[in-house]
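Visitor: structure for this input, please:
(one chain, ligands or ions: 1)
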Amino acid sequence: MRESEGLEVDVTDIENISPDELSGKLTVSDALLIGSPTINQNTLPPVYNLFALLNPVRDRGKSAGAFGSFGWSGEAAGIINSNLRSLKLKVMDEPAQFKFSPGGDKESALIEFGRKFAGHILENCKYKNPGE
Ligand SMILES: Cc1cc2nc3c(=O)[nH]c(=O)nc-3n(C[C@H](O)[C@H](O)[C@H](O)COP(=O)(O)O)c2cc1C
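Guide: Numbering: from 1, shown residues only. I've put the predicted structure just below:
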């Protein structure tokens, strides 16, 4: 994503941030990519806390997506995308999901996913701001 001119990427550890600080970051961001492992066929509490800070009026139409690791069933990314969609964000349909650790040859697929998500953001910005 950082290869794309015009995009500034901020990586945030959402488990270790105050609600106020996270809310501030969400307010100024044009896009949101959430990563989570699947635990007990679900995503995790910090991700649900983040959903509670999204505002469908303020954040409507922002680009969004999900990635994650899983062991067998892998529900987390789908749950994230469906919550983001309900909150009216513009979700990139295909999440990136990898079994256990995303190393080795999975790394190049993840880099490709980042490029694809950057394209999704830029395309969505063009749609929201025609003529820019
Ligand atoms: C307590 C526990 C519950 C899990 N439940 C699921 C599950 O329901 N479905 C699944 O696909 N993987 C499940 N996993 C596997 C994790 O998604 C997998 O190990 C993942 O790579 C962990 O990521 P992490 O190393 O970032 O914690 C579970 C793992 C643990 C430890």
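Visitor: so what would you say the end-to-end distance of stretch 56-67 is?
Guide: Stretch 56-67 has an end-to-end distance of 21 Å (CA to CA, to the nearest Å).
Visitor: and that stretch, how far from the chain's centre?
Guide: In terms of CA atoms, centre = their mean, to the nearest Å, the centre of stretch 56-67 is found 9 Å from the chain centre.
Visitor: what about it, near the ligand?
Guide: No: counting by CB under 6 Å from any ligand atom, the ligand has no neighbours in stretch 56-67; the shortest distance is 11.3 Å. All C-beta atoms are positioned from the backbone trio N, CA, C, and that covers glycine.
Visitor: okay, buried residues for that stretch please.
Guide: Using 16 or more other CB atoms under 10 Å as the test for burial, stretch 56-67 gives D59, K62, S63, A64, G65, A66, F67.
Visitor: near the ligand, which residues of the protein are found?
Guide: Counting by CB under 6 Å from any ligand atom, the chain sits next to the ligand at P37, T38, I39, N40, Q41, S69, F70, G71, W72, S73, G74, F100.
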